[in-house]
Structures are given as C-alpha cells and as structure tokens.
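J.: Requesting a structural model of the entry that follows:
(chains A, B, C and D)
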Protein chains: 4
Amino acid sequence: MRNKLPVAVLGATGRMGSEAVKAVEAAPDMELVAALGRNDPLETLVSAGARHVVDLTVPDSTEANVRFAVDHGMHAVVGTTGWDAGRLERLTALLAEHPETGVLIAPNFALGSVLATAFAAKAAPYFESVEVVELHHPDKVDAPSGTAARTAELMARSRAEAGTAPSPDATVKELPGARGADVDGIRVHSVRLRGLVAHQEVLLGGEGEQLTIRHDSYDRASFMPGVLLGLRQVAEHPGLTVGLDGYLNLNA
Amino acid sequence: MRNKLPVAVLGATGRMGSEAVKAVEAAPDMELVAALGRNDPLETLVSAGARHVVDLTVPDSTEANVRFAVDHGMHAVVGTTGWDAGRLERLTALLAEHPETGVLIAPNFALGSVLATAFAAKAAPYFESVEVVELHHPDKVDAPSGTAARTAELMARSRAEAGTAPSPDATVKELPGARGADVDGIRVHSVRLRGLVAHQEVLLGGEGEQLTIRHDSYDRASFMPGVLLGLRQVAEHPGLTVGLDGYLNLNA
Amino acid sequence: MRNKLPVAVLGATGRMGSEAVKAVEAAPDMELVAALGRNDPLETLVSAGARHVVDLTVPDSTEANVRFAVDHGMHAVVGTTGWDAGRLERLTALLAEHPETGVLIAPNFALGSVLATAFAAKAAPYFESVEVVELHHPDKVDAPSGTAARTAELMARSRAEAGTAPSPDATVKELPGARGADVDGIRVHSVRLRGLVAHQEVLLGGEGEQLTIRHDSYDRASFMPGVLLGLRQVAEHPGLTVGLDGYLNLNA
Amino acid sequence: MRNKLPVAVLGATGRMGSEAVKAVEAAPDMELVAALGRNDPLETLVSAGARHVVDLTVPDSTEANVRFAVDHGMHAVVGTTGWDAGRLERLTALLAEHPETGVLIAPNFALGSVLATAFAAKAAPYFESVEVVELHHPDKVDAPSGTAARTAELMARSRAEAGTAPSPDATVKELPGARGADVDGIRVHSVRLRGLVAHQEVLLGGEGEQLTIRHDSYDRASFMPGVLLGLRQVAEHPGLTVGLDGYLNLNA
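T.: Below you'll find the model as predicted:
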C-alpha cells in the first residue's frame, strides 16, 4: 500500500530548492517524484505523477509554473517573490475554474517568525507601550529589516483598530537616533553585530509587567518545516491562501 | 450626561482590593459607587446603584457575594480563589435564570501572563523541542510555580492533540536535577534569585530557529488593566466565563 | 565586647538617605550613631562618636560635610553629585594632611551596574562589533541614559587603546534613527516601556559567538549593598577613590 | 621588508586544524609556513622556518609535538586535550631550559566564553544569589555541560574565598529536578532544544537588581580569534600559561 504525497520541487538547484529536495526526501509521508531545474520542461510534472508542487524559482517564471500546476489539478506551495496584485488576481480567477485545487503563497516559511509576528499583532492592543528591536549580521544593507517593519505595521494596525493610545514617551533631550526609527508610530531599533544571523524582539510593557516575544533565525533550514506543513495542508485549503499563518491553528 | 460604569469593589481593604479601588477611581469611564470591607452589608450594592461588581475577597465569602450580585442583575468580575466544580455548577444554574448577566472568574488578571500562556499553547505543536524556565524570588516555597506547571500542561495537551512527538533528548549522563522537572513530558526549570519577582520563559526550538515567549511580572499593579478590561467587557459576555483569555481577541 | 563600625548618615531624611539609615541599622557589623537631616549641626558627628560617614545630601552641602568629616579623621562614603574638578582637587589636598583617612566618591552604588560597566570595558577590545541597548520607563526625559553613554565612552576608549577597528556596518538604506545614536563610534539604542525601571544590555559579537552583559535595576534598594561595602572598606583605602569599582576585586 | 609571524599548524587536516589554516592564511600579520597532517615529519617545522606552532592534534601526539617545538625555540599555542599533571610538570621543566620560549595551553579559545567565565567568577561574591542556565542542542549526551560545571565551580570558589553565604532558597515543595543540579552549592539548569548550538547564562541577583552574563556560541569559527590572539602574544609570555584568560587584559 502506498499513499505518500507525490511531490515535485521546481527550482531544485537553487539554495532554497536544494534544501526542499532534501526535506521532501527525508519526510516519511512524502515521495519526491520530480526535481526540476531552470531548463527542465514542466511536462515532466505530469509524467512523474506529481500531485503537489513546491515552487522556489525566480519571479520571472513562478507565475507560469503555478498556472501550469493548477491547470493540471496539482496543489502548489510557493516561496518565490514577485506576486503582485495583477498576478494574484489572475491566479484567483484561474483557481475559480479549479475549485478543488489549493495554492499557498508565503513570503516567509519560518514557523517561529510567522507565529512571532501573529502573536505580536494580537498582543499589541493590550499594552501601554510597544517597541521592536531587530538584530542582524553587519553585512545587512537595510535598517530596519523588512520583517521588523512589517511587524511594526501590523502592531500599529491592531492598536489603531482597538483604539489604543500611542506609546508614552517623555523624551525631551535626545541624542539623534537614540529612540530608533518611527514605523507607523512604533519605535524600531536595528542592532548590527558580527556573529548574528537574524533575530527580533517585540517588547510590550504595561503597569508592572512586560511581555517579550523573541525569534532567532540561525539557518535557512528553518524554512523547511513550514514548507512541509504547507504541502501537508494545501489540499485541504482550496483556493488561494497568502501567508503561512492562514494554515496555522491560531484561532482555535 | 453621564454613562460611566457604576462599579463596586468587594474586599476593598485587602491588598488586591485596595489596588482595584485606586484603579477604578482612576479610570475615566468608571465611577466607584461602593467599596465594601469584610463586615459591610451587601445591600449597600443595591442602594449605591452598582451595576458591575469586582470580587476580591476570600474563598469563604466569594460565592455568596457573586450570587447576590447575579440575583440583583449585576455583572461580576471575580479574582478570588476557591471556585471548585460544585460552586461553578451552582453558579451556572443561577446564571441560566439571569440570561443577560455576565460573570468572569479569572485565576490570573495579568494580561501579559494570560497572553504568554495562550501563545505558548498555540505554538507548542509547531516546534520539535519545548521547555519552560521560570524565575522567582528565593522566598517562594514551591517549585515549579503554578503558572509554569499550568503552561507546561497546556503545551503538552496541544502537542498531544496535534500528534507532535516528544521533545528529543540524548542525555545519558546527568547530574541529578540538571534536566529539570518533568511536567507531562515537558521539562520545567525553576530559578530562585534575590531581586526577582515572577518571570517565565517558554522556549520553543526547531531546525535553525528558536521562538521565546517571556513574561516579567514586577508588581501587583499588573493585575489592574486586566480587571478593568474584565469590567468593560463582562456585560457583553452573558453567562459564565472562566479565564481572562476568553475576553481577549485571540481568535480573530 | 563591641567593635561595630560607628556610622553616621547625612541626608537621613532624603530618599536615598532614609534607605541608608535602614541598611546601616540592619547590618550586623555596624551601629548607627547619628542620622542628620538638613539643619542638624555637624558637630553631632563628633559627640555621637561617628568614625564613618555616609553623605547622601545635596550638591550645595556635600563639600562642607566631607571636609568636616576628614578634618575630624572620619572616613567618608559619598553618593551626592556635584563633585567637579575643583572640589576634587581641594579634597585631595586636604586628604594629604590626613594620610590615614579614606574618602570614596561614587556616582553609582549598584554593584551589578558598576560590574557590568567594568566588564563591558574590559571585553570591548576582543570583539569585532559592540552596541548598547538601554531600556527605561517612559517618563525618562533623556535618551540615551547617562549610564549607557558612560558605558559606551569607556568601551570606545578601551577599544581605541587596543587599536580595535570600528564595528562594521554595511547599512546603506536606513530609516532615520534605526541604527541608534552614535556615542564615540558606538551605537546606543534607547527603549522606553511602561513597567520597566532601568535596564541595560551590552552586546558584543565576533565570528560565531556573542557575549551579552545585562544589568536590571528594579529598586533603589539595589544601592545599599554597595554603600555598605564602601563603608566596610573605606578605612583600608586611605586617600581619595572615585568610583566603587576601585574597591571591587576586579584585578585579582 | 617582511616581519609576518611564520606560523605552522599541526593537525592541519582535522576539523579545528583546517579552520586554523584558513584563519592564519587570512591574518595580515601572519604567514603560514607549514601545515602538517598526521604522518608528516616534525622536521618540516625547522626546514619551513616556523617560529610559532599551533597544535590541534590528538592527546597521543600533542606532548611530543610541543616538546619538539620548545626544543627548537618555537613558541607553541595548544588546543589539544590530554595535558595531565605529569605532562605539565615535564613541560615546565623543559621550558626552564628555554627561558625565552612561551607555551599557551588552553581548553577553550572562544574569547566570549573565556571572558564570561572570568567575569562570572569575579562577580559571584557580590550577589546574594547565583545560578547558571546552560542551553544546548538535544543531541548532547551530558548535562550539565563541562563549561557550565566549570563556571559554577569557579563561582563557588570565589564566593568561598570571600566568605559569601550560600544562595538563599526557601523551597520546601519541589517536583524532582525543578531546582536543577547542585554543583558545589550552585544550582545549574540544562536546557536541550533543537536549533540551538551552545549557550550559557550566569544569573546573579541581589536586593533590587540582577546581573546576567550570557554567552552564545554559534560556530567553531568562534575559536579562531582566540587562537590568533594566542599566537600574537605567546612570545611575550615566556614559560607555561594555562588558560587563555592569562593573556586577556582582565586585571588592568
């Protein structure tokens, strides 16, 4: 008897794709039926019997890849960037013609990071003060990190919806920059330190107490549990889902 | 025009009660209409026009207090311990006769602590390893703390429901106690340090990443935002609610 | 038999002074022989038989107090601010006439804070990257804190003396303030959060490793062990010592 | 003009040795003149003109290697284990015949770890309470880690020398193991978590304050700055030095 998920990896020779190949091969409930590189024909997916597809390619090819999969009734888990509003709209229309097929497009597959951001947004309205500290290696060119900015935006939004007042701040004498950057009214601080990879702390403070939600990312391998979780659940989520948090059981 | 909540505090001379008196007086949307000590008659609640009651008394009197409030159509927020299954059952029956009245019984009003526990339970199934470290002042007589044990139990339960495997542990040579206590299969470590109050860290680790949820409690004042939140929402939650997390918007 | 230290507290009705009165009374090896307020005559020190004096008064009176003590052969431990170069020079001259008398002037008596700063300065030359994050309550008016600025200055100095290169930083795209304030080439970040008191983290990073030195100050009581340590050792350190670290056994 | 240090690496094909080869090659003030594997003759050191030797071999060969180096007037930096009292005694006798030659034998070359342990021992007498938490990957077989046990021993020793009382602990009701292992009277807790490498927190608490010294080790690369520092300073430290802390400027 065999009922392992027949999975194909697109972009199998890239950094993320090669990790995915290893992760699928190691998963006891999956079978890797195809691993396609840049110039391999998509028809191989059909002949190999793939039912689930992981797309970890490049912005230029991801839309064609996913449309091919959906057209052939394959579910798709997508980690490639480049899905703007137009692409998402066209994909939604295509999925309407294939009502039993699911697609997950996720900018971030690290479960800890996705959970940290979701928890931060949920907790934000209940505390008088919130700030974000992100810490990365010193070769990073932007500050703050995209994840930290996104986290602050979501926290600001949930506070606004709940009618929470701005975080208090009596600073009148400041050395420029000491109080960090302002992202939608939330202070974000960027530390750059040799030896670090990617880390983030969300600090929430109220009278007499503090809640801290910290995520440490040490290795690209941290994305693979999220990719596998996506593959296992995509068939149960027909239509388009954006963001892995849609699959996490956060609302039970 | 006046539409402040008319609030009464029972147990107003106790440690928690006197904090509640101050908090209600300071809340712009509430009016303290009564503050009752041990021997004050409950009828004062009626003559004072209380519509919301906070019970911070003792196990011996809390049931009679809450039943009096419900009988008079007052909503109640209860922080007193001693509500066993029999009392809860009788209260539920009484509330069935007063379908518009709400009662919140909460063992813990610190928002950060309640959120930390809820997040830990939600996140637990998604990580290969989970452990808990709690840190308290050295005058504490029990180890681990009740909150840490409760957190570990909830994490163990959510992992069991999701079919998560036990946290891996290759230890073969252990100095007794090094790996902590075992609470439903989850390791819990208790640090005792002068200068601390009450702190807890939930550590969740997966391949290449770590999620940490930490709560620091510095002061009894940390309970008051939760008490006020309970008072503001209890009328919208008729019937009995146990646990402040039932009022937090965790499932949206 | 009696050989407790006969101690007098000056400024005994102030916030710090009243704590010192309690601490001296509770110390088994000390006897509180005098507790002077603003208008009490200094001659009381002589009649009470004080041999050690704690000065926790105000900048306007501290110099006269300490000179009186030294003139009468009493050792002095001083927590009052306002000791500029001129005052220190005059005191040094006076102490030269009293070669067996010791005076300790310390801007900070919290042992943990003094040690954290000393350790940070010692470790700073050995790491490629160093930054400071300080966290305080939101009613603080200056950012960064004086302690954080001082810590950064000392770290910068020890790195300069060792010829350590500046911390690397590839940031080219920065939201204003994200990378913190620049104190002598070291980045300092100021977090303001309700519920906090005074906290500081020194982060040092090198290839493959990180060292973190954190100090949490919860209560003014944290100054008293340092005051008592000063009182116990001041007689063994004749002359003027500035900074409690001069009494800590850091160089053994 | 050339005055780079002529360095030879012994054990150049091992895990640590190959890292050392890369580190020496990358150091602007060093020249790699020899890289010897298991069966290469030691005479190569002479013909290659080595003046400094790094020994990262195995316990069986390290003594002969170091004695050969000293006999030829080469300074040696040794990271190999197996140096018992007898070996150290014989080496000391040999060095007495070569008074200008230096040897550094260090069990740990991670600067952050060495500093963290040294700081913990220095700070331990000044706090009422001290405990250690170490955190490692779950494939580790011993608990607590050797480094944590060593740190606790050194803290216990410095507290004993200063006459510090034992850390207070009012625990009367304990789930077995909750309070950790007892190492010379100091509680040590071992966390095992997937995703982690090697981490340690020393917690020191006093009235109203806490000092935390944390070291994170992410990668074997963290040993190389310590090896290079040893090579640069060994000639200035004739005779035998055990422990890299002997070269760190901790007592200035």
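
J.: Run the angle between the helix or strand hosting A:Gln210 and strand D:209-217 for me.
T.: Assigned by DSSP states H and E, A:Gln210 belongs to strand A:209-217. If you take axes from the mean of the first three to the mean of the last three CA atoms, to 10 degrees, strand A:209-217 sits at 10 degrees to strand D:209-217.

J.: What lies in contact with the helix or strand that strand A:209-217 is followed by?
T.: The helix or strand immediately downstream of strand A:209-217 is helix A:224-233, counting by DSSP H and E. Contacts to helix A:224-233, defined as CB atoms under 8 Å, 6 or more residues apart in numbering or on different chains, come from residues A:5, A:7, A:19-20, A:22-24, A:27, A:29-30, A:52, A:54, A:75, A:77, A:79, A:104, A:106, A:108-111, A:114, A:244, A:247, B:126, B:206-207. Bear in mind the C-beta positions are built from the backbone N, C-alpha and C, glycine included.

J.: hmm, which of those are the buried ones?
T.: By neighbour count, with 16 or more other CB atoms under 10 Å in any protein chain shown, the contacts of helix A:224-233 hold A:5, A:7, A:19-20, A:23-24, A:27, A:30, A:52, A:54, A:75, A:77, A:79, A:104, A:106, A:108-111, A:114, A:244, A:247, B:126, B:206-207 as buried.

J.: Now do the same contact list for A:Ala145.
T.: Quick fix: residue A:145 reads Ser, not Ala. Applying CB under 8 Å, 6+ apart, the residues contacting A:Ser145 are A:134, A:136, A:190, A:198, A:200.

J.: For C:Leu135, see how far away it is.
T.: Here A:Ser145 is placed at a distance of 20 Å from C:Leu135 (CB to CB, to the nearest Å).

J.: before we move on, what about A:Val78?
T.: 39 Å.

J.: and those two? which has more neighbours close in?
T.: Using other CB atoms under 10 Å in any protein chain shown, the more surrounded residue of A:Val78 and C:Leu135 is A:Val78, with 27 against 24.

J.: Provide a list of residues in contact with that one.
T.: A:Val78 sits in contact with A:54-55, A:62, A:66, A:103-106, where contact means CB under 8 Å, 6+ apart.

J.: Flag every residue of the stretch 1-150 of chain A that's near chain B.
T.: A:110-113, A:115-116, A:119, A:122-123, A:125-127 (CB under 8 Å from any CB of the partner chain).

J.: Can I get stretch A:92-100 as PDB, trimmed to CA atoms?
T.: Output of stretch A:92-100 as PDB, limited to C-alpha atoms (Å, rounded to 0.1, in the frame of the first residue of the first chain):
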ATOM      1  CA  THR A  92      -7.600  33.800  -8.300                       C
ATOM      2  CA  ALA A  93      -9.600  33.700 -11.500                       C
ATOM      3  CA  LEU A  94      -7.900  30.500 -12.600                       C
ATOM      4  CA  LEU A  95      -8.500  28.800  -9.300                       C
ATOM      5  CA  ALA A  96     -12.200  29.600  -9.600                       C
ATOM      6  CA  GLU A  97     -12.200  27.200 -12.500                       C
ATOM      7  CA  HIS A  98     -10.400  24.600 -10.400                       C
ATOM      8  CA  PRO A  99     -12.400  24.700  -7.200                       C
ATOM      9  CA  GLU A 100     -10.700  21.700  -5.500                       C
END
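
J.: what does it contact?
T.: A:67, A:70-71, A:73, A:101, A:103, A:238-240.

J.: which of the residues you listed are buried?
T.: Judged by 16+ other CB under 10 Å, buried ones among the contacts of stretch A:92-100: A:67, A:70, A:101, A:103, A:240.

J.: Can you verify my assumption that the third one contacts A:Leu240?
T.: No. The pair A:Thr101 / A:Leu240 is not scored as a contact, 9.8 Å apart, by CB atoms under 8 Å.

J.: could you measure A:Val103 against chain D, distance?
T.: 29 Å (CB to the nearest CB, to the nearest Å).

J.: hmm, back to that, among the contacts of helix A:224-233, which are in helices?
T.: Taking DSSP state H, the ones among the contacts of helix A:224-233 that sit in helices are A:19-20, A:22-24, A:111, A:114.

J.: Just flag the most distant two among those.
T.: A:Lys22 and A:Val114 (21.5 Å; CB to CB).

J.: before we move on, back to that, save the ones in helices among the contacts of helix A:224-233 as a markdown table, and put in distance to chain C too.
T.: Output for the ones in helices among the contacts of helix A:224-233, formatted as a markdown table (distance: CB to the nearest CB, whole Å):
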| residue | distance to chain C |
| --- | --- |
| A:Glu19 | 21 |
| A:Ala20 | 27 |
| A:Lys22 | 24 |
| A:Ala23 | 25 |
| A:Val24 | 30 |
| A:Leu111 | 23 |
| A:Val114 | 23 |
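
J.: rewinding a little: any chance of the buried ones among the contacts of stretch A:92-100 in JSON lines, plus secondary structure and pLDDT?
T.: As requested, the buried ones among the contacts of stretch A:92-100 are exported to JSON lines (DSSP: H, G, I helix; E, B strand; the rest coil; pLDDT from 0 to 100):
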{"residue": "A:Arg67", "secondary structure": "helix", "pLDDT": "98"}
{"residue": "A:Val70", "secondary structure": "helix", "pLDDT": "98"}
{"residue": "A:Thr101", "secondary structure": "coil", "pLDDT": "98"}
{"residue": "A:Val103", "secondary structure": "strand", "pLDDT": "98"}
{"residue": "A:Leu240", "secondary structure": "strand", "pLDDT": "97"}
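
J.: In CSV, list those along with distance to D:Thr13.
T.: Below are those laid out as CSV (distance: CB to CB, whole Å):
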residue, distance to D:Thr13
A:Arg67, 51
A:Val70, 52
A:Thr101, 53
A:Val103, 49
A:Leu240, 53
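
J.: Return the closest of the residues you listed with respect to chain D.
T.: Closest approach between the buried ones among the contacts of stretch A:92-100 and chain D, by CB to the nearest CB: A:Val103, at 29.1 Å.

J.: Distance of the nearest residue to the closest one once chain neighbours are set aside relative to chain D?
T.: In space, and not counting its chain neighbours, A:Val103 is closest to A:Ala76: 4.7 Å by CB to CB, 6 or more residues apart in numbering or on different chains. Look at A:Ala76 and chain D: by CB to the nearest CB, they are 28 Å apart.

J.: Measure how buried A:Ala76 is and give me the count.
T.: For A:Ala76, the neighbour count with other CB under 10 Å is 27.

J.: Please name the bridge partners of it.
T.: For A:Ala76, the beta-bridge partners are A:Val53, A:Val103 (DSSP bridges).

J.: so where is chain A shaky, pLDDT-wise?
T.: Flagging of chain A using pLDDT under 70 yields the residue ranges A:1-2, A:251-252.

J.: Spatially central residue in it, please.
T.: Centroid-nearest residue in chain A: A:Asn108, 1.7 Å away (criterion: CA atoms, centre = their mean).

J.: just wondering, since we're on A:Ala124, how far is it from A:Gly246?
T.: 20 Å.

J.: more neighbours, those two?
T.: Neighbour count, other CB under 10 Å: between A:Ala124 and A:Gly246, A:Ala124 has more, with 24 against 15.

J.: wait, what's in contact with the more buried one?
T.: A:Ala124 neighbours (CB under 8 Å, 6+ apart): A:130, A:154-156, A:158-159, A:164, A:204.

J.: Nearest to A:Gly177 among those residues?
T.: A:Val130 (19.4 Å).

J.: count of residues packed around the closest one?
T.: 30.

J.: what about dumping the CA coordinates of the helix or strand harbouring it to CSV?
T.: If you go by DSSP H and E, A:Val130 is part of strand A:129-136. What follows is strand A:129-136, C-alpha atoms only, in CSV (Å, rounded to 0.1, in the frame of the first residue of the first chain):
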residue,chain,number,x,y,z
SER,A,129,3.9,50.6,25.3
VAL,A,130,5.3,48.5,22.4
GLU,A,131,8.7,48.7,20.7
VAL,A,132,10.7,46.4,18.3
VAL,A,133,14.4,45.6,18.4
GLU,A,134,15.8,43.6,15.5
LEU,A,135,19.4,42.3,15.4
HIS,A,136,21.3,41.1,12.3
